[in-house]
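Colleague: everything below, folded, please.
(chains A and B)
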Amino acid sequence: MKPFAYQVPGDAVAAVRSVADRPDASFLAGGTNLVDHLRLGLIEPGLLVDVTSLTSDEITDHEGGLRIGAAVRNSDLAADRRVRERFPVLAESLLAGASGQLRNMATTGGNPLQRTRCVYFQDVSTPCNKREPGSGCSAIGGSTRNHAILGASEHCIATQPSDMGVALAALDAAVQVLGPGGERTIPFTELHRLPGETPERDTVLEHGELITAIDVPDLPIARRSRYRKVRDRASYAFALVSVAAALDVADGVVRDARIALGGVAHVPWRARRAEEALRGAPVSEQSYREAAEAELADARPQDGIDGGNGFKIPLVTGTLVATLRELAGEEA
Amino acid sequence: MTQTLEPRAMGQDLVRRDGPAKVHGTAIYADETPVENPLYCRVVQSTIARGRVRSVDTTEASALDGVITVLTPGTAERLASTDDAELAVLQSDDVGFRGQIVAAVVAETFEIAREAANLVRVEYDAVDHDTRLSADRHDLYAPEKVNAGYPTDTDVGNMEDAMALAPVTLEQTYTTPMQHNNPMEPHATTALWDPARGDGSGPGLILWDSTQGVHPMRATVRGVLGLEADQVRVVCPFVGGGFGSKGTPHANVVMAAMAARAVPGRPVRLVLTRQQMFSLAGYRTPTIQRMQLAAERDGTLRGIAIDVVEQTSRIKEFAEQTGVPTRKMYAAANRRSTHRLAALDVPVPSWMRAPGECPGMFGPEVAMDELAHELDLDPVELRIRNEPELDPETGKPFSSRNLVACLREGAERFGWAGRDLTPRARLEDGWWVGTGVAASVYPTMRQAQSTAAVRFDGGRYIARIGAADLGTGAWTVLPQIAADALGVPVEDVDVLIGDTDFPVASVAGGSSGTATWGSALVEAAREFRDKFGRGAQDGDEVEAGVRPNPDAGSYTMSAYGAQFAEVCVHAYTGEVRVPRLYGVFAAGRILNPRLARSQLLGGMTMGLGMALHEQSVLDPRFGHVVNHDLAEYHVPANADVADLQAHWIDEHDPHVNAMGSKGVGEIGIVGTAAAIVNAAWHATGVRVRDLPVTLDRFLT
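Modeller: Predicted coordinates for the structure are as follows:
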């Protein structure tokens, strides 16, 4: 590990200035991902700017919804009564992630910015376009079990690992950002970006931009919402596939739906095609299957030395169907 | 027959004597050994799988403040013996596998060592490597013997005829993947080369090492370094798990010793990272098992055969004895077993919990389940019908064999009776539910060498023996044995272990530790009583060694077990859960139920991991395991199993040893994966023949 400087500025504005001024500076919050990366030699920052105490650690009512300070710990957010009652999908997504200890450290601002768990990204001895642009993608033709089936490119097939991010994508959340040029608001679904030719960029945030809060708008449909995570063991593993869903049904017809998928793309994948297919459709397994099919029409599975990830197509379908059936009040 | 001990302390449910120290964090592990002014060693690993190191540029690394030295193939000391290629660290430019040690940094702090290791520039002349195991390879070869000295192939009767003539036959191929031991405590050493020891006895090496045997470790290391036995001391009071990976020394220990010798007088710490353990600390070879069963309609086996293909490293042979349990498990007149190896450009395979039996009971026990289905017969009943009177391989009687009792007891506890033989028949709350069974076996062994000293001092009996406690309970169970052998309360006995300053002891491996060390303690205790009677004085002491078992040639000695699993497979997602896993074992006298249960449950849990999770994904393009951390190499979490139970039957075996004990460290893992696979089939109708059983197998 290369030695680095550590700084705790007086406020968020100073922190943003410190990072913006140095290309080799990074923000440090809970550190649950960044410290791993330091140890693995994936990053070699010259300066870490600790922002843990510089943004709000409170959840406040905001325009009918909630404003979640960037420093709110994952465990506190998951336990908040308002979140559990009004946005159960968000609480469930947090509890499905990591371990109790990690959730006590991880923050609201940091969680969506955790980087891919692609084994080649995390191993400096193998080429990776995300880590070292232009070096090639080792995942293609390698171990692809955890990789993307939607929106990938020939340069990168990594997935975004955040569970919370999948819930936030379904909930039409918005990200409050402070940058060198001032504040701006980014719809959560536009925070992450597809890899394209520049997989080294996970998000649209510019260097020096800091997440200060995440807003979750009032959304009555979200009171009936679920996060369903499917993984290779019963707990403490990243998602193979996850579904965040909210459903509004009346008289045997789907009135509205919110759906996002995890484990399938470089971004928390908002499933707008599936939502569209469901609106007005009869409450039936057939409708759910057709919604999944619509969303997966452009899915491109990967071959791989571990059997590839083609199984994610039936897995997304099965997980979506099971989740929607449950939300519609049917027996699983 | 051995004269067996009257159990008084033995059989008691005593708590671990070292428990409080571990819970309080005061038990000292190898890397925590309190030493003055330690240095830190960090290894540099090859990034090619085959070829030569062309150059090692240490300029940048050496220039870092705090770097003491950088060892390379060009600068490292020449070892006295390079016979074991795995231990011939930095002795040549050759690279035999990706991840091999090609340099090492010694520095003032761990952080400096790590940074400097990243600055060592190694250039290679790579040649094409080959890491792909398959049964179709043309270069498969028959090793001279397989591990534990068993013959490579056996052929009794005529298996081909049996297959041709039997009314029911089964032929299937089963595979188990590469697996890594992954003990919680990584491989760690604190090493000190003392150029002039205080007692004036010349230079000496002390290794505080995490090992399954201080004496075997010393024997190997001193041979590699060309030192006398009295020049090397190995100390290891506690081990944070080994599972075989600390059973024989790996390159890291030799590296630590070399680093220490490069900086005389200063202790050096070397801990492998989790990622480094995947190439330097051994693993279980993947296996390909072609099974054949030939049976009568009533289930009587006419023939059983297993043809095994597995891998070894090109630089060193390791021949897992996977086919051995098939040779003696069931009565069948015609039996064949073969082992073929592919020598690949891969790290060296090594011991992993129940080597041979663990992978080798997967194919046969799934095949038996498939045969039972073919015959429309209860799989418990099929096994009972093929229970041999005598060891099918040797014709000798069993010292005790209670597989049938385990099957019956397990069936009773599990509620097996009335089970519907039809697969895919129970759908409950969205989950397909099924049950399965498999048998377990593990040989009962006693090592040839171990000596215990018993001394009377201050009203207490203090025994010393260089044994090891891997978390298994040796600190606790050995005093129980010694107390009964001495005829005194267990509170009056201490047994000190984990140091080569104590008399020689065998490795904690092959489930033989307690049997071997216990036998030595019994010999010493008996000799003590013979010599001093009941009126021992302070300072009275004897030393005695384990003797060969007089019954060893007359009986086959093994522990047996039966495992029952209930498995649920989600109808929409294929997720696999194991709500119930019960094991019933026949392992002789259980010396301490608390310790034994924890060992058996641990073995079963590891078997659960083998069934559902564990798989080292070796990328053939690079030659290394890419899921080389515990985030990606999954072992079971608590939530993976709900009701996990280990039971045993009362078994009295007067032939095995004076304690009547058979060893419980390994039998728990054997058969578990087959029971779970069989239950998953019963739940879904999908037969998984390649481990692990991941959810994608059930998606259509």
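
Colleague: burial count for the closest residue to chain A within the stretch 301-450 of chain B?
Modeller: Distances between the stretch 301-450 of chain B and chain A by CB to the nearest CB are smallest at residue B:430, namely 3.6 Å. Glycine gets a C-beta too; all of them are placed from N, C-alpha and C. Per other CB atoms under 10 Å in any protein chain shown, the neighbour tally for residue B:430 reads 15.

Colleague: how close does the closest residue to chain A within the stretch 1-150 of chain B get to residue A:126?
Modeller: The minimum distance from the stretch 1-150 of chain B to chain A, using CB to the nearest CB, falls at residue B:47 (4.8 Å). For residue B:47, the distance to residue A:126 (CB to CB, to the nearest Å) stands at 9 Å.

Colleague: for these two, indicate the residue with more neighbours.
Modeller: Neighbours per residue (other CB under 10 Å) separate residue B:47 from residue A:126, with residue A:126 holding more: 24 against 19.

Colleague: which parts of the chain belong to which domain?
Modeller: All of this is about chain A. Chain A breaks down by automatic domain parsing into domains covering A:5-49, A:59-332.

Colleague: sorry, should have said chain B
Modeller: Taken from automatic domain parsing, chain B resolves into B:19-28+B:447-545, B:33-128+B:182-280, B:145-180+B:284-445+B:554-698.

Colleague: looking at these, which is closest to residue A:72?
Modeller: Taking CB to CB, domain B:145-180+B:284-445+B:554-698 is the member of the domains of chain B nearest to residue A:72, at 24.5 Å.

Colleague: span of that closest one from start to end?
Modeller: 39 Å (CA to CA, to the nearest Å).

Colleague: can you check stretch A:62-77 too?
Modeller: End to end - CA to CA - stretch A:62-77 spans 15 Å.

Colleague: so which bits of that stretch are buried?
Modeller: If you call a residue buried by 16 or more other CB atoms under 10 Å in any protein chain shown, then stretch A:62-77 has these buried ones: A:65-77.

Colleague: skip the chain neighbours and tell me the closest residue to the closest residue to chain A within the stretch 251-400 of chain B.
Modeller: Going by CB to the nearest CB, chain A is nearest to residue B:275 of the stretch 251-400 of chain B, at 7.9 Å. Among residues not flanking residue B:275 along the chain, residue B:628 sits closest, at 4.6 Å (CB to CB, 6 or more residues apart in numbering or on different chains).

Colleague: also residue A:69?
Modeller: residue A:56 (2.7 Å).

Colleague: the one you found contacts residue A:72, doesn't it?
Modeller: Yes: using CB atoms under 8 Å, residue A:56 is in contact with residue A:72, at 7.4 Å.

Colleague: neighbours of residue B:658, how many?
Modeller: If we define neighbours as other CB under 10 Å, then residue B:658 has 22 of them.

Colleague: can you tell me how far it is from residue B:666?
Modeller: With CB to CB as the criterion, residue B:658 and residue B:666 are 21 Å apart.

Colleague: what does residue B:102 give?
Modeller: Distance of residue B:102 to residue B:666, computed by CB to CB: 35 Å.

Colleague: so which of the buried residues of stretch A:62-77 sit within strands?
Modeller: The strands, defined by DSSP state E, take in A:65, A:66, A:67, A:68, A:69 from the buried residues of stretch A:62-77.

Colleague: the fourth one is in contact with residue A:62, isn't it?
Modeller: No: because the distance of 9.0 Å does not satisfy CB under 8 Å, residue A:68 is recorded as not touching residue A:62.

Colleague: what parts of the stretch 1-150 of chain A come near chain B?
Modeller: Residues of the stretch 1-150 of chain A lying close to chain B (CB under 8 Å from any CB of the partner chain) are A:1-3, A:41, A:117, A:119-120, A:122-123, A:125-126, A:138, A:141-143.

Colleague: and which of the residues you listed is nearest residue B:440?
Modeller: Nearest to residue B:440 among the residues of the stretch 1-150 of chain A next to chain B, with distances taken as CB to CB, is residue A:143, at 32.2 Å.

Colleague: ok, how many other residues are close to the closest one?
Modeller: For residue A:143, using other CB under 10 Å, the count is 25.

Colleague: residue contacts, it?
Modeller: Residues near residue A:143 by CB atoms under 8 Å, 6 or more residues apart in numbering or on different chains: A:119, A:120, A:304, A:305, A:306, B:617, B:619, B:626, B:627.

Colleague: state the distance from it to residue B:284.
Modeller: 19 Å.

Colleague: what does residue A:168 give?
Modeller: From residue A:168 to residue B:284 the distance is 42 Å (CB to CB).

Colleague: ok, now how distant is the residue of the stretch 51-200 of chain A found nearest chain B from residue A:232?
Modeller: Chain B sits closest to residue A:119 of the stretch 51-200 of chain A, with a gap of 4.4 Å, by CB to the nearest CB. Per CB to CB, residue A:119 is found 14 Å from residue A:232.
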